[in-house]
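Enquirer: model this:
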Amino acid sequence: MFETGPAAQKIPRFPPLTDELKKRVISALLLAPLGFSVAFFGGWFAVVITTFVAMLILSEWNDVTSDGRARGWFAFEIAVAAFTAIALIARWEWVALLGLVAVACLTVFLALRGSNAAWATGGLIYALSLPLSIVILLNSARWGFEAAVFICFVIWTTDVFAYFAGKGIGGPKLWPAISPKKTWAGFIAGLTGGVIAGGVMSLILGLVWSLPLALLAFALSLAGHGGDLYESWVKRHFDKKDSGQLIPGHGGIMDRMDGLLAAFVLAMVIGVARGGLHDCAGGLLSW
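Expert: Residues are numbered from 1 along each chain as shown. Alright, predicted model coming up:
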């Protein structure tokens with residue numbers, strides 16, 4: 001009755017519930033409430049939690065890029081992180097932003113001199129972009145919570161669609177030199193899932209679903225893929241498989257946050273460009 005030959009083996013199959021998948025599901029269920037709490041409470045709570053996560057990211061970044069040789073910059077990194085957190089708690093977002101711009105200038109200077117310390121200062125920008133972008137969105141005059149939920153749901157759905165399409169369909173690799181496991185099927189399915197998630201969240205949040213919002217969801221999903229690939233490139237460049245083992249089924253915190261970080265930064269740029277620092281979320285979602 002059912003075909004069992006070679007033709008049947010070409011039919012995409014739902015990935016089995018492996019130990020890895022079980023760990024990913026459990027980790028996601030544990031992390032999701034924390035993310036929701038950050039978006040819901042905002043304020044100093046969001047600053048403290050996101051800055052703590054940023055320091056975990058920075059620690060893993062230093063382990064990947066320097067094997068501990070960045071310890072000479074530890075005091076500087078702590079000082080900049082504290083400065084950024086204090087500025088964000090005081091709602092001096094522009095001060096925090098200028099601080100990271102100054103670190104970016106230092107990074108360029110070090111890179112032009114051929115100093116490996118550029119990886120340490122560059123990692124500081126990478127990590128602190130997370131609290132900066134999230135808090136600027138949450139501190140917006142309107143729709144801060146909605147913007148954070150919209151972004152998270154788009155990226156999480158992108159990851160889920162990409163994972164199951166990549167495992168179930170397989171096919172040609174997206175960029176094997178950088179990330180051997182990622183496929184074009186997963187990439188396209190992830191983008192599709194991201195747009196669908198944007199539509200669903202628009203209805204839930206009471207937003208008017210329109211072409212600009214669909215394009216926004218697509219861009220955020222694409223940024224999520226880009227952040228994932230960038231982190232894979234960094235690990236490949238330094239011949240590392242995972243950034244750490246903090247989160248079962250995912251690896252390190254960098255492995256879990258890379259797509260979200262890139263999406264939040266893109267969202268902040270779009271929001272600030274359209275609504276300014278004080279209405280970033282409104283500028284992001286109001287079209």
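Enquirer: could you use CA atoms for every contact and neighbour count after this?
Expert: Noted.
Enquirer: scan this structure for its longest strand.
Expert: For the chain, the strand with the greatest residue count under DSSP state E is strand 179-183.
Enquirer: can you name every helix or strand that whichever helix or strand comes after it contacts?
Expert: Per DSSP states H and E, strand 179-183 leads on to helix 184-205 as the next helix or strand towards the C-terminus. Helices and strands in packing contact with helix 184-205 are listed as helix 144-168, strand 173-175, helix 211-237; criterion 3 or more C-alpha pairs under 8 Å, 6 or more residues apart in numbering; DSSP states H and E.
Enquirer: any idea of the mean pLDDT in helix 184-205?
Expert: Averaged over helix 184-205, pLDDT sits at 96.
Enquirer: what residues does that helix touch?
Expert: In this structure, residues lying in contact with helix 184-205 by C-alpha atoms under 8 Å, 6 or more residues apart in numbering are 146, 150, 153-155, 157-166, 169-174, 208-209, 213-215, 217-218, 220-222, 225.
Enquirer: so can I have a markdown table of the helices and strands packed on helix 184-205 showing mean neighbour count, mean pLDDT and distance to residue 93?
Expert: Putting these into a markdown table (neighbours: other C-alpha atoms under 10 Å; pLDDT from 0 to 100; distance: least, C-alpha to C-alpha, whole Å) gives the following:
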| stretch | mean neighbour count | mean pLDDT | distance to residue 93 |
| --- | --- | --- | --- |
| helix 144-168 | 23 | 93 | 14 |
| strand 173-175 | 16 | 91 | 37 |
| helix 211-237 | 20 | 95 | 22 |
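Enquirer: pull out the buried positions in stretch 201-212.
Expert: Of the residues in stretch 201-212, those buried by neighbour count under the rule 16 or more other C-alpha atoms under 10 Å are 201, 202, 207.
Enquirer: now do the SS call for the last one.
Expert: Yep, that's residue 207 we're talking about. Using DSSP: H, G, I helix; E, B strand; the rest coil, the secondary structure recorded for residue 207 is coil.
Enquirer: and it, what does it touch?
Expert: residue 285.
Enquirer: figure out how far stretch 61-80 is from the centre of its chain.
Expert: Counting by C-alpha atoms, centre = their mean, to the nearest Å, stretch 61-80 is centred 21 Å from the centre of its parent chain.
Enquirer: and that stretch, C-alpha only, in PDB?
Expert: Only the C-alpha atoms of stretch 61-80 are listed here, as PDB (Å, rounded to 0.1, in the frame of the first residue of the first chain):
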ATOM      1  CA  TRP A  61      33.900  36.100  22.500                       C
ATOM      2  CA  ASN A  62      37.300  36.500  24.300                       C
ATOM      3  CA  ASP A  63      37.700  32.700  24.700                       C
ATOM      4  CA  VAL A  64      37.000  32.200  21.000                       C
ATOM      5  CA  THR A  65      39.100  35.000  19.600                       C
ATOM      6  CA  SER A  66      42.100  35.100  22.000                       C
ATOM      7  CA  ASP A  67      42.100  32.000  24.100                       C
ATOM      8  CA  GLY A  68      42.300  34.100  27.300                       C
ATOM      9  CA  ARG A  69      44.900  36.600  25.900                       C
ATOM     10  CA  ALA A  70      42.300  39.400  26.200                       C
ATOM     11  CA  ARG A  71      42.600  39.500  30.000                       C
ATOM     12  CA  GLY A  72      44.700  42.600  29.800                       C
ATOM     13  CA  TRP A  73      41.600  44.400  28.600                       C
ATOM     14  CA  PHE A  74      39.300  43.000  31.300                       C
ATOM     15  CA  ALA A  75      39.300  46.200  33.500                       C
ATOM     16  CA  PHE A  76      38.600  48.300  30.400                       C
ATOM     17  CA  GLU A  77      35.700  46.000  29.400                       C
ATOM     18  CA  ILE A  78      34.200  46.100  32.800                       C
ATOM     19  CA  ALA A  79      34.500  49.900  32.900                       C
ATOM     20  CA  VAL A  80      32.800  50.400  29.600                       C
END
